[in-house]
Structure formats: structure tokens, C-alpha cells
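> Okay, sequence plus prediction incoming.
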There are 2 protein chains.
Amino acid sequence: MGRKRTKSGKIRLAEVAELAGVSPITASRFFRNPEALSVAKRTRVESAAKELGYVPNLAARALASQRTEVIGVLIPSLTNNVFSDVLRGIYDASEGGRYSIQLSNTRYSILQEEKLLRLFLAQKPAGLIVTGIDQTEESRAMLEAADCPIVQIMEIGPNPVDMMIGFSHYEAARAAIAHLFGQGHRKVGFVGARMDPRVQRRLDGYVSAMKDASLFEQRLVVTTATPTSVTLGGALFTDLLAREPDLDAVFCANDDLALGVLFECRRREIAVPEQIAIVGFNDLEFMASAVPTLTSVRTNRYEMGRTAATMLIEAIDGRRPEQPVLDLGFKVIERQSSSARRSDSRPAASGAGTANKMVALPSSHD
Amino acid sequence: MGRKRTKSGKIRLAEVAELAGVSPITASRFFRNPEALSVAKRTRVESAAKELGYVPNLAARALASQRTEVIGVLIPSLTNNVFSDVLRGIYDASEGGRYSIQLSNTRYSILQEEKLLRLFLAQKPAGLIVTGIDQTEESRAMLEAADCPIVQIMEIGPNPVDMMIGFSHYEAARAAIAHLFGQGHRKVGFVGARMDPRVQRRLDGYVSAMKDASLFEQRLVVTTATPTSVTLGGALFTDLLAREPDLDAVFCANDDLALGVLFECRRREIAVPEQIAIVGFNDLEFMASAVPTLTSVRTNRYEMGRTAATMLIEAIDGRRPEQPVLDLGFKVIERQSSSARRSDSRPAASGAGTANKMVALPSSHD
DNA sequence: GTCGTTGCTGGTAGCGCTGTCAACGTTCCT
DNA sequence: AGGAACGTTGACAGCGCTACCAGCAACGAC
């Protein structure tokens, strides 16, 4: 009797096939397309595999079939809370399935992204999730030439490579500013860090909303390329105040900055929202818990990751979604930090995050 | 002349070898152990590879060599900030090298961990990073039987499977309580969520420190299995206050809870630290920025991830570290939120995180 | 009854790379 | 000078799986 086990002692497909009394190729089919087998053989292979504790050798499978069961994910940062939510969605959606996630960090560099993309594509991934719509020309060309489904996440824009899921950062920022205007605020500052393309588009939205109201002034905008942090929020706000002491409100490009601004206000004994209103972006958990509770623009990050991975897997398996571009929209969650100007200052009645008034909007105009 | 390209149009090692005028096996060696080649051939293979844009087929390599160049990482959560720091370290250390990271999420379940471990091991990873020291017996046996280096991270304890890097959560908690005692606080509460093994050991440290001072009372401890959040910090603190209105101080099992407690104090107009002191755990960035700035126990999470991956890769490449168990220690970062009881309340002079007094300790007793 | 058609199964031939072993030339030692 | 030792190279034979195509039975249409 010939060789029964591989050197490493692992069970191979051939052993399963032998025990089941079928040919190896039939056993192989069981794992890839069980419906193609007769019910009798199917059950026999199944029990044989279970009995032997068979685990397929992915390397052999990849080599023979010329494709891997890997989904490549390119994100700009592992630090940023925003991406960890998206990632969680992606991992949750892929869990239990046949595809495994390969993560790479572009560090907000589109050249790095291009390099990683080349690396990924060489391994023939089953699918790809990339962040944003600002790839290099070279990257774009590679993506278009790739023979696997691709999902662009985090934002939507024209000319999707394949599928796309996100929302309009521009419109989200405009909605935040509209909310502040609605509460009677006029001199609204902008505080932004990192200034990646999505933050840039939030700034664009802010600028356009301010210009529409003939309220835009360059000195109301304070930004930096430095990575974002709570401490930085305080520092940028300090700059902003120095430039414009009569500030009504601050729109922060993310919630960490907003929290930093809140702390800085407390440090300077500036009443929020009576003297200055604060609006953040992303609606991280702590926003509902702060004192005062902080207004923010809620974005569906977990949903985004989850849906992106689900759509991708469906597409890999040959079921392309009818809707290849999905706008997940956003909601302005109105809380105490931005309540109406010159209303009497009603302090927080009870707990955190109660009675949030929500304004839901799709990213697109109606 | 025979087949030049693979079906997919990819360059194979054979093409590179042909262009370089060497045998395929020599070309192969160039990529794995360049020193074994003569300088002449080395440069010829190198330029041939570059000219053709050769990218190795990892599946074929894995199949032929019976091992993959994958480092498996098992962590309990993707949400928790703590792990994103560790992960960042791991990814940073592995970047540019030959090994790729395969991440899986155990969701704080050691049974899930066991399942994932089995899956990983079947693919013969080059190395493994696992969280903590509380595996199932079955997992433990698999780890010990695995023929690859393994690093346990996040904490240290007896009987490492292989390598280990972390710190003593028990001692860290004791140090935090000692600090509070040093500031004159006596009735110190404990607030904890999630209660994974590491949080449990922090609780053990708290209990032992309190007992040493004959100050332990069961009602000072409030915990829940719910995942941690800022809001939850406020809620747990509310419970704690109801049980023990005369509280001096709160030791929070993490910084999110501490922030929640701070907000809750503000909501209830309890002065921090005059009426109640707060100490957190992990020293996330915002702690230095809060008002008042929040005392916390700094842990070297990024370092831990980075060092773990570095040690692992070294071990894979045959250079085992002299020091297989590394205690990264911790530091109690003393800030305003825990300054001395009954000292007159001196408000923060200027900015965030200035003049932090640090108390550095290795986890072990001296 | 013959011919397609369909459903299921198996044989053969690789996928692209590396482990093993053998062979070669060179150097160094005795 | 003879032989061992070393450094360098190549031939061969798979790694475990799947693509491709052929074969075979069962069935219905004419």
C-alpha cells in the first residue's frame, strides 16, 4: 500500500477520497460545488472528511486553481477609530466564509497604496477593498485591469472602478453647517487635522456652505497635516480663537478634535454652547456621553465595512449587486453642544445621549 | 521554443533564470539565500528579475516548501483601542519583510480562539502571536505541539508556551492603588467592564492592595460583562456612588470608563479631584488633555506589538532572543485627577499633560 | 432502436516552486 | 601530490490540489 500520509502527517484529499470510496477529483468537487455530486457520494465524502479531520491545503488549491481566496483590504490607518469600525464590519462579514482578509496600511500615501496594490494583484486576490477615490493614475489602471471585483469604500464619487460604498463628505459637512446656521450661529470656524482627501472634502463642504451664506472668511479655517488627536483639537482651537475671538461655533473635522475643543473651552471657562457651539464628525461613542453632550455627524462605518465585504463576496461568487454604488448617507445628531444661540442656557436634564434629535439625509440632494 | 509564459501572462522563475543564464534552482536560491550565490550570478539574477518585473508565486512556494510566510495573530477585539495600538506595532514591524499578517478576532472567547488556532495551524504558519495566557487545554496542547515560534502578548505569567511579552496587570493595578493611597485616598472604588482575564487580574491587584491596607469592601467593586464604553463608565460610577456615597476615589479598569466617570462627576457637580479622585488604565491620548487631566497607568502597547513581531520574525529566521520573556512594565502617570486629598484645589496652570510626574516600575517585585 | 442530451464520475496532466542529492571546481591541509 | 573540505551549481522529483476532457449510464425524442 502506497504512501498514506504526507510527510507532515496531514490528511490529504486523496485519503478522504479513499475512505469515501470515490476518486480524489470527486472529493475535491464536494468542497467546491457539492450540488454536482449525487446525494450518496456527497454524504460519504462529508463523513469521511469529518472522520479524518480533513483541512484543505490552501496553497495547493491556490496553485492549481490559479486564484486565491484572499480579500485584500487597503486602508490608510490602523490608529484611526474610524477605520477600526470599518474593519470590524469587514471581518464580521467575512467570518465563517471561505475568504480570508489580507490587510495593508497605506499610511495615507497614494504611492504606498500603489506599491501595495501591485503586491496584492500579483497574488491574484479574489477581491479587493480600497479606501477612497483618489488613487494614482497607475493604481487606477491596475484596478481597472484587475480581474476581480473591487469595492471602493468611505466615500462616493463619479466613475467607480467597480463597486462603491460610502457617503458624501461634502454634503455631510454642508448639513452640519446648515444645522449650525439653523441654530442661529454665524461665525463658524473649521478645525481640521491630517487633511486626507475626505477631510478635505468636508472642508470644501464647509467653505461652500459658508460662501452660500456670504459668511466665509479664510481666517476661520485652521488646519494642519499633523495626525489628529484630542490634544491637537485644543491647540488648533487656541489658534482659531487667537485669529477670531468673536467665534460663534466650531465645526471639527472629527470627534477627537471636537473633544479637544470642548476641553479647551472648559480650561478657558468658555460656556458651551452658550458662548461657543461645537459640532464634530463621525459620532463616536463618547460624544453622547460628554458634558455637554456633543453634536456630531453620524456615519455608518461598521455598516460600510460589513456591506462592502458582503457585496464583494457576493460579486466574487458571481452574484453582482443590482446597485453597485451605495450611498449610506449620514445623520446630523443634534445634541447640547450646538443648541440654539441666545436661548437661555438650559443645563443637561439627566443623562447622556438622551432624546437626540436626528436629521437623516442621504448624501445626494433630493 | 517551449512555453514562455504561464497562462495568466505572469513571469515565472524559469523566465528569470533563462534571462540570467542560470538554472531555475539557482534563481530560486537568489530569493531565499542570496549569499549562497557567487557575486556574478547574484547580480545577473537580480537584474533579470528586475527587468522582467518578477513577483514570486507565494502559493507555489508554500506548496513546495511546506510552509507559509504567514504570521497568524489572534486578538480578542478589533474595537478596543488597546489592540489597535498593538496591531499597529505588529504591522509596522512586519512591513517590508517577507512575512504577511493574518489577523483573527476571538471575540474574547477561548473556544473561538481554539477553533481559529486549529484553522491557523493547519496552514502551517511561520509564526503565531496569541493574546494572553488563558488558553483552553486543547489550545495549549496545540500551541506546544506547533512547530513554529509563538509569542504570547499583553501580559506575562508563568509557563510561557514559547516567548512572552507584556506586563503584570496585577502589579500595575497595585501600583495605581498605592499611588492613590500615597495621595491620601482611602475609600477607593473599582469600576470594570468586559472583565476579560487581564481586567480580572487588575481587579485582583486592586483587591490585594486594598486588603493589604485593610480597606477592602466588596461593595466598592462594580463590574459588568458588558463591553466597555465611556457611557458605561458613567453608569457604573452611578451604581458605585449609590452603594458608597462617601467614596474618595475610583480606579477604572480602562480609560474609557475613566472618561465616563469624569463626565458623570461633571454632570453631578462633583469636583475632581477635590471630592473624588479618578485613575484610569492604559493612558490613551485624551487622558492628558481632559479637564482636569486624568491620571492613568501607561502601558506600552505599540512597543509590545512591535517587539512581539520583531522577536517572532527573528525566531522564525533562526535567531531566538536570549530573553524569551519580556516584561515591558508600566508607569503610573500622575495627573490632576488624583492629586492629593485635602490639598487646596490648585487648578490647571496651563495646558494639557504638562509636567507629568512618572513612576516607572517593572511588573515584577524588586 | 438510434441518436442526442444530461448528470455524474474519473484519468491525466500540470500549477510554479523548492528539497534533496549529486557533481563540479577550487582551495587548503597533511 | 593526494585527499578532504568547501563553495557553488544543477537535475530531478514532487508538494496537494484542480482544470480539462473523456467516459459512462440513464433517459427522452424521433
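Sure thing, it's come through.
> mind checking how far the residue nearest to A:Lys124 when sequence neighbours are not counted is from A:Arg32?
Of all residues not flanking A:Lys124 in the chain, A:Arg67 sits nearest, at 5.1 Å (C-beta to C-beta, 6 or more residues apart in numbering or on different chains). Heads up, the C-betas are built off the backbone N, CA and C, glycines and all. Distance check for A:Arg67 against A:Arg32: by C-beta to C-beta, to the nearest Å, it reads 12 Å.
> Which one of these two is surrounded by more residues?
Taking other C-beta atoms under 10 Å in any protein chain shown, A:Arg67 and A:Arg32 do not tie; A:Arg67 has more neighbours (17 against 11).
> Might you enumerate the residues of chain A proximal to DNA strand C?
Counting by C-beta under 7 Å from any atom of the strand, the residues of chain A close to DNA strand C are A:22-23, A:25-26, A:29, A:36-38, A:40-41, A:60, A:63-64, A:66.
> among those residues, which are in helices?
A:Ile25, A:Thr26, A:Arg29, A:Ala40, A:Lys41, A:Ala60, A:Leu63, A:Ala64 (DSSP state H).
> Number of residues surrounding the first one?
The reference is to A:Ile25. Neighbour count for A:Ile25, taken as other C-beta under 10 Å: 10.
> Report pLDDT for A:Ser104.
At A:Ser104, the model reports a pLDDT of 92.
> burial measure for it, as a count.
Close neighbours of A:Ser104, defined as other C-beta under 10 Å, add up to 20.
> Neighbour-wise, give me the winner out of the residues of chain A next to DNA strand C.
Neighbour counts for the residues of chain A next to DNA strand C peak at A:Val22, which has 21 neighbours (criterion: other C-beta under 10 Å).
> Now do it, the pLDDT please.
At A:Val22, the pLDDT value in this model is 88.
> From A:Arg61, how far off is the nearest residue to it once chain neighbours are set aside?
Excluding the flanking residues, the one nearest A:Val22 by C-beta to C-beta, 6+ apart is A:Lys41, at 5.5 Å. The spacing between A:Lys41 and A:Arg61, counted by C-beta to C-beta, is 20 Å.
> residues touching A:Leu87, list them.
Residues in contact with A:Leu87, defined by C-beta atoms under 8 Å, 6 or more residues apart in numbering or on different chains, are A:Val73, A:Ile75, A:Leu103, A:Gly305, B:Leu78.
> likewise A:Leu180?
Counting by C-beta under 8 Å, 6+ apart, A:Leu180 makes contact with A:Val188, A:Asp248, A:Ala249, A:Phe251, A:Ala277, A:Val279, A:Ser338.
> so how far does stretch A:246-266 reach from one end to the other?
End-to-end span of stretch A:246-266 (C-alpha to C-alpha, to the nearest Å): 17 Å.
> And it, what's buried?
By 16 or more other C-beta atoms under 10 Å in any protein chain shown, the buried positions in stretch A:246-266 come out as A:247-266.
> ok, back up a step: from the contacts of A:Leu87, which land in helices?
Using DSSP H, the contacts of A:Leu87 in helices are A:Gly305.
> Determine how far stretch A:277-290 lies from the middle of the whole chain.
Distance of stretch A:277-290 from its chain centroid, counting by C-alpha atoms, centre = their mean, to the nearest Å, is 18 Å.
> The contacts of A:Leu87 into TSV, with extra columns for neighbour count?
Putting these into TSV (neighbours: other C-beta atoms under 10 Å in any protein chain shown) gives the following:
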residue	neighbour count
A:Val73	29
A:Ile75	26
A:Leu103	20
A:Gly305	28
B:Leu78	21
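> Pipe the contacts of A:Leu87 into JSON lines and attach distance to A:Arg118 per row.
Converted to JSON lines, the contacts of A:Leu87 look like this (distance: C-beta to C-beta, whole Å):
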{"residue": "A:Val73", "distance to A:Arg118": "16"}
{"residue": "A:Ile75", "distance to A:Arg118": "17"}
{"residue": "A:Leu103", "distance to A:Arg118": "17"}
{"residue": "A:Gly305", "distance to A:Arg118": "24"}
{"residue": "B:Leu78", "distance to A:Arg118": "27"}
